[in-house]
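[1] Okay, predicted coordinates and the sequence, questions at the end:
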Amino acid sequence: MKKFKTESKKVLDIMINSIYTNKEIFLRELLSNASDAIDKLYYKSLTGGISGLTREDFAIKVSCDKEARTLTIADNGIGMTAKELEDNLGTIAKSGSEQWKTENTDAKEQSTEDIDIIGRFGVGFYSAFMVGDKVEVYSRSFDDEKGNVWTSDGVEGYSIKSADLPERGTKIVIHLKPDIEEEDYSKFADQYTLRSLIKKYSDYIRYPIQLLVEVKDYDDKGEVKQTKQEWQTVNSMVPLWRKSKSEVTKEQYDEFYKETFYDFEPPLKVVHTSAEGVVDYKALLYIPSHAPYNYYTKNYEKGLRLYSDGVLITDKCEQLLPDYYSFVKGLVDSKLTLNISRETIQHDRRLKLIASNIEKKITSELTDLLNKDRENYEKFFLTFGLQLKYGVYADWGANKDKLKDLLLFYSLSNNKLITLKDYTDSMKEGQEHIYYACGNTVEAIKCLPQCDKVLAKGYDVLCLTDDVDEFALKMLDKYNDKPFRSVSAESGEQTAEYSEQDKQMLQWIKESLKGEVVDVVGTQQLSNHPVCLTTKGEVSIEMEKVLNSMPQQTNKIKADKVLEINVQHPVYAKLQQLFVSDKDKLQKYADILYKLARLIEGLPVDNVAELSSEVCMLLAE
Ligand code: ADP
């Protein structure tokens, strides 16, 4: 017997003993593996890898034996060689757990992470052990003379022995666990249960799923004359996307999504669409209700499944989705040449047309959601809005016009998310700009002194809390002919009347700050705040922060900053006093005020310990 690899053992253990109660899904997993195996062989036959097969030659057979407590699922698909049995079934969810391992090299909390695997990758073949205490896999590869049998109790390990198998394909025999109080495993050897499970989960599978059923013949008196067994096809075999919308229930759409795209939550929106004419296709698109765990990492691969006339060509055709809609899951079925390769896909004119149609469809569906169901649109935007904002900014703004109306920003006046149109629709007469403020959180922005000045005029302020936000707005430049303007760029001008002496003092402070600021001015618009920083020119403070945080940025970028001091604040009087009596101390005050203004903006201060001790010395005076 060979032992399972450690990580496989762990996953297996969790799967078998997990809190996962929906055990019946094992059947769906095994049937979809069987269908994949047939797909693989059918594809080979169509592309010349093997001859003499037609679609009608394929079937999946399910049978059960109540007495023996076994359930058997057999397919005549591609089969597995001994090596493939070893590779595919010796390591659990090979595809899944490998990926999981590389992406979680710093996995912290093992136990909770592990349980998540089930949701993330589907349970796959090993789900058989949720209901069985022994599983046998008889398999003969399409290009093998003989077959092999893989056997395991799902605990320690497995064995592989050669076996004389008359036909190619794979047969899985599950020996059901004994019944316990909480779970009646016998039902999985009951033909009625099996029939309803096949209907429920696997109706769309495109090959016949035949169930061996007992049929009773009755005589005239109503007595059973004879009992015979026959194979009955249970599934309708029409893939979901080939059905008309009225034939498909929401549950079926959702179930298909969860199973095909390994999500444990139903999607936020389903888009079932088709086109005829220049391009012919059917598409089933889903907007997930939450971001996949790796969505905002470089490991995430976008793309739609691509079928040619019902035959799967590729799992992820990336050309079908622009980056800003990379969150969309789904499939496209069209008449394309079968031996289409990665390269030819790229240059296929029809595929480009389909992609462009699909993009338009997604835009219009999102617009629809925005207009008719704001609550769900907001939910969507909080999950994937970042991607749209990157889309506005990317490619030098090539797609900004398509996306600008889909953006939402938090409005300070309304305390909710609004669109740019909402903003311009309710602009005050005479208001020239669309104002925004940047910060880490809305709460932090609310405390920015610069906002007070703009709000005081009765103008709304949009809160930008993601790094990309300001870049996206810079790319848009204007909305409805109204230019965007940062609240920090709003002033920088003298807004208070002051004496010649004050002027000299502010000039003195500016010089004492040694090039840190381009100006120091007095202002009356800061309510209770003593100081703030504003900027002149193109580079804002937020841009300085974002650009300088990029690893490749070696030359530090600097915004032209203006230190504004509130002339109504008591500290201003103190400065006036010190300008006459104690310039050394004035220098210290100026330095502290400037550093505080930097901290308010979230900018770094060189020596915080020094600042803190200076402030405390002043407190102690
Ligand atoms: P997944 O299907 O997510 O890759 P599974 O654990 O379900 O993971 O299966 C692992 C692999 O075993 C599959 O990718 C496939 O190569 C192989 N396999 C499973 N069932 C069959 C089958 N009935 N016929 C041929 N190969 C199979």
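    Noted; the coordinates are in hand.

[2] Next secondary structure after the helix or strand bottoming out on mean pLDDT in the chain?
    Counting by mean pLDDT, DSSP states H and E, the weakest-scoring helix or strand in the chain turns out to be helix 110-121, with a mean of 36. Sequence order places helix 128-131 as the next helix or strand after helix 110-121, per DSSP states H and E.

[3] could I have that next one exported to PDB, CA atoms only?
    C-alpha atoms of helix 128-131 as PDB (Å, rounded to 0.1, in the frame of the first residue of the first chain):
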ATOM      1  CA  ALA A 128     -16.600   9.700  -2.500                       C
ATOM      2  CA  PHE A 129     -15.100   9.200   0.900                       C
ATOM      3  CA  MET A 130     -17.800  11.300   2.500                       C
ATOM      4  CA  VAL A 131     -20.200   8.500   1.900                       C
END
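
[4] so where do the helices sit in the stretch 351-500 of the chain?
    With helices called from DSSP state H, counting those that start in this stretch, the stretch 351-500 of the chain shows them at 374-397, 400-403, 420-425, 442-446, 449-456, 467-476, 500-512.

[5] Can you check the pLDDT for the residue nearest to the spatial centre of the chain?
    For the chain, residue 291 is the residue whose C-alpha lies nearest the centre (Cα atoms, centre = their mean; 2.8 Å). At residue 291, the model reports a pLDDT of 93.

[6] cool, and residue 495?
    pLDDT, residue 495: 61.

[7] ok, so what distance separates residue 324 from the ligand?
    29 Å (Cβ to the nearest ligand atom, to the nearest Å). Glycine gets a C-beta too; all of them are placed from N, C-alpha and C.

[8] show me the residues around the residue found closest to that residue once you drop the neighbours it is linked to in the chain that make contact.
    Leaving aside its chain neighbours, residue 324 sits nearest to residue 391 (2.7 Å; criterion: Cβ to Cβ, 6 or more residues apart in numbering). Residues near residue 391 by Cβ atoms under 8 Å, 6 or more residues apart in numbering: 322-325, 399, 403.

[9] just residue 40 next, same as before
    Taking Cβ under 8 Å, 6+ apart, one finds 77-78 in contact with residue 40.

[10] Quickly check: the helix or strand hosting it near the ligand or not.
    Taking DSSP H and E as the definition, one finds residue 40 inside helix 25-46. Yes. Judged by Cβ under 6 Å from any ligand atom, helix 25-46 and the ligand are in contact via 33-34, 37.

[11] got a winner among these for most neighbours?
    residue 34 (28 neighbours; other Cβ atoms under 10 Å).

[12] hang on, that residue packs against residue 170?
    Yes. Counting by Cβ atoms under 8 Å, residue 170 is a contact partner of residue 34 at 7.1 Å.

[13] Identify the contacts common to those two.
    Common neighbours of residue 34 and residue 170 (criterion: Cβ under 8 Å, 6+ apart): 74-75, 77.

[14] Format the helices of the stretch 351-500 of the chain as a markdown table; extra columns: distance to the ligand.
    Converted to a markdown table, these look like this (distance: least, Cβ to the nearest ligand atom, whole Å):
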| stretch | distance to the ligand |
| --- | --- |
| helix 374-397 | 25 |
| helix 400-403 | 35 |
| helix 420-425 | 43 |
| helix 442-446 | 41 |
| helix 449-456 | 51 |
| helix 467-476 | 34 |
| helix 500-512 | 66 |
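
[15] For residue 487, find the nearest of these.
    Residue 487 sits nearest to helix 449-456 of all those, at 4.2 Å, using Cβ to Cβ.

[16] chain center to that closest one: distance?
    36 Å (Cα atoms, centre = their mean, to the nearest Å).

[17] Would you mark the buried spots in that helix?
    By 16 or more other Cβ atoms under 10 Å, the buried positions in helix 449-456 come out as 449-455.

[18] Please apply the same query to stretch 387-404.
    387-394, 397, 399-400, 402-404.

[19] Can you pick out the most distant pair from the residues you listed?
    Among the buried residues of stretch 387-404, 387 and 397 lie farthest apart (Cβ to Cβ), at 15.6 Å.
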